[in-house]
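# What would the 3D arrangement of this be:
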Amino acid sequence: MAEPVAAVDCGSNSTRLLIADARGRAMAREMRITRLAEGVDAAKELSDAAIARTLAVLQEYRGLCERAGVTRGLCAATSAVRDAGNGAAFLERARGVLGFDAVVLSGEDEATYSFEGATTGLADDGRPVAILDVGGGSTEIASRIDGRVVGYSMQVGCVRVTERALGAGPVDAEHEARALAMIEAALDGASAAAPALFALGPRLRLVGLAGTVSTLAQLDAGLDHYDRAVVHHRRLSRHAVAAWRARLGHEPPATRLGFPGMVPGREDVIVAGLYVVEAVMARLGVDELLSSESDILDGIAGRLRSGLA
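I've put the predicted structure just below:
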């Protein structure tokens, strides 16, 4: 019997693990907020504190992998490590801690893995499908067009927009304008570089994934405790995105933590993420988002099982 595989996502805001068996069924899913991207946008370096937080979690994950009998795995680092001058040194340390390879994904590869993962188990209803992956440092949009996955990565994410433009506290008009200008400029660049993604039409089925969308789905459902069955494939209207963005934006991060469904560690950056979600939905001309708890981890695990990663 084939042994289980492990996929690790070293994201800008969280570090996550999926251990999947030979049939792709999840044996373990773990998430820890590590904020690897803290200060990267300004310093262009991963901080010692952020590295230490992340490596501690990777050590924990190695123990889980060993107990599950994992012999093959891949750790994928994304925006924070792509942007950091000391990213290669971090990856070397990550390999040593995990005992398997750690690589940095290009924005295009990140979009492709995310698309493959998010569409796993998604029933075909005849409409074109695109994914929206709002991370801490970047946002990926991808779709299968003419038989191949077309993806684009924008340098806007919930941590980057918070640090560069919006701020973590209650939103005022000046900071909102600054954040919107940043996001719209990124969307202008995306639509010019990948026009096919923005010409899929009003029938487009948009699937949202990663922490901002997952937390939004939990907030919208009013969940006191995470329930994958409720969050996975929950329908979220653009009106709901805007309403939650405004509601949370009026409050300081400490108060946001009091809302049922808020994930600790996301309270200071989720509003920026919701600005990104709302702007992308408006630019694509869609009024509904389908949340997905299957994501880049599932895409990586699928490649590992097939021997392609």
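
# What residues does L36 make contact with?
10-13, 15, 46, 50-51, 53-54, 80-81, 136 (CB atoms under 8 Å, 6 or more residues apart in numbering). For glycine as for every other residue, the C-beta is placed from the backbone atoms N, C-alpha and C.

# Which residues belonging to the least confident helix or strand in the chain by mean pLDDT are considered buried?
Using mean pLDDT, DSSP states H and E, the weakest-scoring helix or strand in the chain turns out to be helix 40-43, at a mean of 81. Neighbour counts over helix 40-43 (16 or more other CB atoms under 10 Å) mark V40, D41 as buried.

# Low-confidence regions, the protein specifically.
By pLDDT under 70, the weakly predicted segments of the chain are 1, 308-309.

# Let me see the domain layout of it.
Annotated domains of the chain cover 5-108, 123-291 [automatic domain parsing].

# and R305, which of those is closest to it?
domain 5-108 (5.9 Å; CB to CB).

# what distance separates the closest one from the middle of the whole chain?
13 Å (CA atoms, centre = their mean, to the nearest Å).

# Need the distance between the two termini of that domain.
Using CA to CA, to the nearest Å, one end of domain 5-108 lies 23 Å from the other.

# Which other helices and strands does whichever strand or helix holds A282 contact?
Per DSSP states H and E: A282 is located in helix 270-284. Judged by 3 or more CB pairs under 8 Å, 6 or more residues apart in numbering; DSSP states H and E, the packing partners of helix 270-284 are strand 129-134, strand 139-145, helix 158-161, helix 173-193, strand 205-209, helix 211-221, helix 238-249.

# Kindly point out the strands partnered with the second one and how each is oriented relative to it.
Translated: strand 139-145. Sheet neighbours of strand 139-145, with direction, are listed as strand 129-134 (antiparallel), strand 148-154 (antiparallel) (DSSP bridges).

# hey, which of these is tucked in deepest?
Of all those, strand 129-134 has the most neighbours on average by mean count of other CB atoms under 10 Å, namely a mean of 27.

# Can you list phi and psi of A49 for me?
With angles defined as degrees, to the nearest 10, A49 sits at phi -70, psi -40.

# Could you check how far it is from R148?
41 Å (CB to CB, to the nearest Å).

# Turn the domains of the chain into TSV, columns for distance to L304.
TSV is the format used below for these (distance: least, CB to CB, whole Å):
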stretch	distance to L304
domain 5-108	4
domain 123-291	18
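
# Tell me which of those sits nearest to L297.
domain 5-108 (3.9 Å).

# what residues are up against Y113?
Shown in contact with Y113 (CB under 8 Å, 6+ apart): A76, L105, I296, G299, I300, R303.

# Verify the stated contact: the third one with A76.
Read it as I296. Yes. Distance between I296 and A76: 7.0 Å, which falls inside the contact criterion (CB atoms under 8 Å).

# quick one: buried residues of stretch 111-122?
Across stretch 111-122, burial judged by 16+ other CB under 10 Å covers A111, T112, Y113, S114, F115, E116, G117, A118, T119.

# Would you mind writing the CA trace of that stretch as PDB?
In PDB, the C-alpha atoms belonging to stretch 111-122 read as follows (Å, rounded to 0.1, in the frame of the first residue of the first chain):
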ATOM      1  CA  ALA A 111      -1.900  29.700  -9.000                       C
ATOM      2  CA  THR A 112      -1.700  26.400 -10.800                       C
ATOM      3  CA  TYR A 113      -1.400  24.300  -7.600                       C
ATOM      4  CA  SER A 114      -4.200  26.300  -6.000                       C
ATOM      5  CA  PHE A 115      -6.500  25.800  -9.000                       C
ATOM      6  CA  GLU A 116      -5.800  22.000  -9.100                       C
ATOM      7  CA  GLY A 117      -6.500  21.800  -5.300                       C
ATOM      8  CA  ALA A 118      -9.600  24.000  -5.200                       C
ATOM      9  CA  THR A 119     -11.300  22.200  -8.000                       C
ATOM     10  CA  THR A 120     -10.800  18.800  -6.500                       C
ATOM     11  CA  GLY A 121     -14.200  17.300  -6.000                       C
ATOM     12  CA  LEU A 122     -16.000  20.300  -7.400                       C
END
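
# Next, report how far it is displaced from the centre of its chain.
On CA atoms, centre = their mean, the centre of stretch 111-122 falls 12 Å from the chain's centre.

# which of the residues in the helix or strand harbouring A94 are buried?
Using DSSP H and E, A94 sits within helix 87-98. Buried residues in helix 87-98, counting neighbours by 16+ other CB under 10 Å, are found at G87, F90, L91, A94, V97, L98.

# Of all the helices and strands packed on helix 270-284, which one is nearest Y61?
Of those, nearest to Y61 by CB to CB is helix 211-221, at 17.5 Å.

# Please name every helix or strand in contact with whichever helix or strand comes after the closest one.
On the C-terminal side of helix 211-221, the nearest following helix or strand under DSSP H and E is helix 228-231. Packed against helix 228-231 by the contact rule (3+ CB pairs under 8 Å, 6+ apart) you find helix 211-221.
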